[in-house]
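Chemist: For reference, the sequence and a predicted model appear below.
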Amino acid sequence: MTDQRQTGGPKRKPTAFRLDDESVRLSDTLDAQPLASEALIQEQSDQFEEPRLPQEASTPKKAFGFGKWIAIGLGGLVSLAFGLAVDALIRDLFARTDWLGYLGLGLTAIAVIGIFGLVIREALSLARLGKIDHLRDGLKHAAEHDDTQDAHKHLKYLLMLYQDRPETARGRRDLEGHMREVIDGRDLVMLAERDLLAPLDLEARRIVMNSAKRVSIVTAVSPRALVDLLAVLFENMRIIRRLSALYGGRPGTLGFLRLAKHVATHLAVTGGMAAGDSLASQVLGHGLAARLSARLGEGVINGLLTARIGIAAIAVCRPSPFIATNGPTASDFMGELIKTAEKEERKAT
């Protein structure tokens, strides 16, 4: 092997060396200088790293907030119009008689207090839902990484979340004992799921099952599609609100809208609606259609889709992810829905 030298160094005659010769030296830098009595072998990487642009080049710039300006302007105009209308009304009442004017002022004060109370309640509701989301993410991280300290921190808040719920007293007492004895973070989260959340999970399944049954029956016997749509919409809203209250969410109007958005997102990510429809189609295609009328079969499918929405709502409202179990599935509700549909079929005949 021939030696490698930089351009401009001292010229030497070509010389042959063996790789195991003591005068052969390896170098991974390009600026190393060989000695007069040695051969220098310089290694060059075959990989060439392309120059990268800064991250700002691919980050979209924030556009000027014309939409926000429009919203602020229109909101201000509506507020001014409403305020002027109330002011004109009170002036007219005082012009008629003083007691009507004072009555108008009192009613206005009650309305203002109610508005402030509503805003405060909605803010507290959103904050509580945000803490539940943070708690669920924290317990998931503690279970995945078996982090005992992180598990203790989030389980303490879980105990605080249910401290005013008498039905969770036994589970909280058991969990507090586990937190003093168990040192594995994942095991602590699983014990919390078994002792504290299991009774709530059982009640959540009942809520979803009852709503799915009602949807199944109503859509089977209702002669109009509009009634079916309203029944399904009402039951789905009722499921989300009841499950959130069960797990400690206490949603207001804005909190409910946020939960509904999260449920829809969860269904979109997991493909829940398509999965429920496929599952129902498979069962109906393997003999159920021969035992039930087309209307009752459609009711079973609607009930299954309602159950799937309830399952997504459980995953969104529950303050801890399912670690020890996989959670409820649509097939868990199918057998009971089929039995209910068969009873309705027998009653109809």
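Modeler: Okay, I see it.

Chemist: check which helix or strand covers residue 228.
Modeler: Per DSSP states H and E, residue 228 falls inside helix 225-246.

Chemist: Compute the inter-axis angle for the very next helix or strand once past that helix and helix 225-246.
Modeler: Toward the C-terminal end, the helix or strand that comes next after helix 225-246 (DSSP H and E) is helix 253-270. Orientation of helix 253-270 against helix 225-246 (axes from the mean of the first three to the mean of the last three C-alpha atoms, to 10 degrees) gives an angle of 100 degrees.

Chemist: which parts of helix 253-270 are buried?
Modeler: For helix 253-270, burial by neighbour count (16 or more other C-beta atoms under 10 Å) applies to 254-256, 258-260, 262-263, 266-267. To be clear about C-beta, it is placed using only N, CA and C from the backbone, and glycine gets the same treatment.

Chemist: The lengthiest helix in the chain packs against which elements?
Modeler: Ranked by residue count and defined by DSSP state H, the top helix of the chain is helix 98-145. Contact analysis of helix 98-145 by 3 or more C-beta pairs under 8 Å, 6 or more residues apart in numbering; DSSP states H and E lists helix 66-96, helix 148-161, helix 185-192, helix 253-270 as its packing neighbours.

Chemist: how's the chain carved up into domains?
Modeler: 1-44, 197-348 (automatic domain parsing).

Chemist: which of the ones you listed has the lowest average pLDDT?
Modeler: Mean pLDDT is lowest for domain 1-44 out of the domains of the chain, coming in at a mean of 57.

Chemist: Most tightly packed of the helices and strands packed on helix 98-145?
Modeler: helix 185-192 (a mean of 23; mean count of other C-beta atoms under 10 Å).

Chemist: Let me know the angle separating that one from helix 148-161.
Modeler: Going by the same axes, to 10 degrees, helix 185-192 makes 20 degrees with helix 148-161.

Chemist: Name the residues of the helix or strand following helix 185-192 that are buried.
Modeler: Sequence-wise, the next helix or strand beyond helix 185-192 is helix 198-221, with elements assigned using DSSP H and E. Judged by neighbour count (16+ other C-beta under 10 Å), helix 198-221 contains these buried residues: 200-201, 204-205, 207-220.

Chemist: so helix 198-221 versus helix 225-246, what angle?
Modeler: 170 degrees.
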